[in-house]
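Asks: Sequence plus the predicted model coming up.
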Amino acid sequence: MTKKDNASAHNAAEYDAQIRSTIPHYDCFHDETIGLIKAVVPEPANWLDTGCGTGTFVEKAAKIFPKTRFVLADPSPGMLSVAREKLGASKRIKILDPCGTQDICLPGTEKFNVVTAIQAHHYLSNYERAKATKVCFERLLPGGVYVTFENIIPASEKGTAIARARWRNYQISVGKDADTVEKHLNRLGVEYLPITVDEHLSLLRKAGFSVVDLLWYSNMQAGFYAIK
């Protein structure tokens, strides 16, 4: 068995090919984020994408925001290697050395109009998640927007059981075998540590954001945005 090179269920080289058969509506995460950015900061000068993975999101966003400078961060060397190959050399794109959001290493004066974290922070403990969220807040310019999508946990045991059944049915419907699906679902609470929608909103408010709202929600994934 190949050793995993990141916290997700898929190795970096396989991530792009596998993610859509794992997470329902995955492309909506990118589309909803870009739509929100257009409404809040139509022409961002600087954008930090933390937990950037293989760079697919920035590849899409860079075409839509041709004047924007992007800084990418991820704790996985494997993910960053794929991102470098995908994005190529560009003065508009800077890829940091491997680091998680909570440990991001940038000059203290470097601020951004946009910070995004797509499917990244649900691997963190409550303490690490709060620290990462505060880092995102502090890295924003006033009026800047933070968007995050994460796996979430429903507020009740019944709701969680229903959501797990929906997620199981989705993965089987796109061709995964039952054993593989169960192994993936059993990562809940062990390899990734989701929190509820209400807990997400509370976390963003505690970080200091002036506007906090739910952007998108389906199954066991949700998107949130917050404005500094």
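Replies: Right, received. Where do you want to start?
Asks: and the longest helix for the protein?
Replies: Across the chain, the helix with the greatest residue count (assigned by DSSP state H) is helix 157-173.
Asks: Which secondary structure elements does it sit against?
Replies: Packed against helix 157-173, as judged by 3 or more C-beta pairs under 8 Å, 6 or more residues apart in numbering; DSSP states H and E, are the following elements: helix 178-185. To be clear about C-beta, it is placed using only N, CA and C from the backbone, and glycine gets the same treatment.
Asks: Output the contacting helices and strands for the very next helix or strand once past the helix it packs on.
Replies: The first helix or strand that comes after helix 178-185 along the chain, using DSSP states H and E, is helix 197-207. For helix 197-207, the packing partners by 3+ C-beta pairs under 8 Å, 6+ apart come out as helix 126-138, strand 140-151, strand 211-218, strand 221-227.
Asks: Point out where this protein drops to low pLDDT.
Replies: Low-confidence segments of the chain, defined by pLDDT under 70, are located at 1-15.
Asks: part of a helix, is Glu43?
Replies: No: secondary structure of Glu43 (DSSP: H, G, I helix; E, B strand; the rest coil): coil, not part of a helix.
Asks: Is the closest residue to it other than its chain neighbours in a helix, a strand, or coil?
Replies: Among residues not flanking Glu43 along the chain, Lys67 sits closest, at 6.4 Å (C-beta to C-beta, 6 or more residues apart in numbering). Under the three-state scheme (three-state DSSP), Lys67 adopts coil.
Asks: again, but for the one 5 residues further on
Replies: Assigned by three-state DSSP, the conformation of Leu72 is strand.
Asks: now the one 10 residues further on
Replies: In terms of secondary structure, Val82 is helix; the call rests on three-state DSSP.
Asks: Mind listing what's buried along the longest helix of the chain?
Replies: By neighbour count with 16 or more other C-beta atoms under 10 Å, helix 157-173 contains the buried residues Thr160, Ala163, Arg164, Trp167, Arg168, Tyr170, Gln171.
Asks: if we look at that helix, which residues are touching it?
Replies: Contacts made with helix 157-173 from outside it, assessed by C-beta atoms under 8 Å, 6 or more residues apart in numbering, are listed as 21-22, 24, 153-154, 178, 180-182, 184-185, 188, 219-220.
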